[in-house]
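Colleague: starting from these lines, generate the structure:
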Amino acid sequence: MANGHAFILDREDAAFLRIGHLSILGASRGPDNIPFVARAVGYRFSTDLREVTLFFPKADAREMLAHIADNGKLAAVFSLSSTHQSLQLKGSDARVGKAVKADLELVNSYCRAFVDHLEKLGFARKAIEAMLAFEPDDLCAVTFTPSAAFSQTPGPNAGRAIGAKR
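Modeller: Numbering: from 1, shown residues only. Below you'll find the model as predicted:
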């Protein structure tokens, strides 16, 4: 819980986040407010969608991970590549942990689904696989509690706050 309140997404947004092949970018900011962005190679949500874990290759996300260790802040954007529908979750309690064996299976499944989805859109399979490539022992888990959510789908509602605190 963030600030003593549980953050709740509506059914439509929760269903969107359960799509298994969303593009995920995580972003942090350092003490000078300069952002750093890294591509996640998988994700999972707690059953109640109140906690999110993103998986990153440490080699690609070192600066972001250092920012998270320093200030706990993370923004994550989830996008459906075929429609550009996008949702951003923000949290201030992010923490970096180790990925376990079950996480690796989840990440591999996500990567296959994401590659398949983009290939159907006409992207070269090998290029997408290269973009998602990682060494299993370099994988880390970043877990946070969303405290705010925003529509980031291009159009008149982009940036609109969504969800409710209860």
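Colleague: going forward, measure contacts and count neighbours with C-alpha atoms only.
Modeller: OK.
Colleague: what's the helix or strand for Phe134?
Modeller: Using DSSP states H and E, Phe134 sits in no helix or strand.
Colleague: how near is the closest residue in space to it that isn't next to it in sequence to Ala75?
Modeller: Distances taken as CA to CA, 6 or more residues apart in numbering put Pro57 closest to Phe134, at 5.9 Å, once the chain neighbours are dropped. Distance of Pro57 to Ala75, given as CA to CA, to the nearest Å: 17 Å.
Colleague: ok so, going back, just give me the neighbour total for the residue nearest to Phe134.
Modeller: Neighbourhood size, Pro57 [other CA atoms under 10 Å]: 21.
Colleague: contacting residues around stretch 39-57?
Modeller: With contact meaning CA atoms under 8 Å, 6 or more residues apart in numbering, stretch 39-57 is reached by 1, 6-9, 14, 23-26, 38, 99, 106-108, 110-111, 132, 134-135, 138-146.
Colleague: for the record, mean pLDDT for that stretch?
Modeller: Confidence for stretch 39-57, expressed as mean pLDDT, is 92.
Colleague: buried ones in it?
Modeller: Across stretch 39-57, burial judged by 16 or more other CA atoms under 10 Å covers 39-45, 49-57.
Colleague: again with stretch 71-86
Modeller: Buried residues in stretch 71-86 (16+ other CA under 10 Å): 71-80, 85-86.
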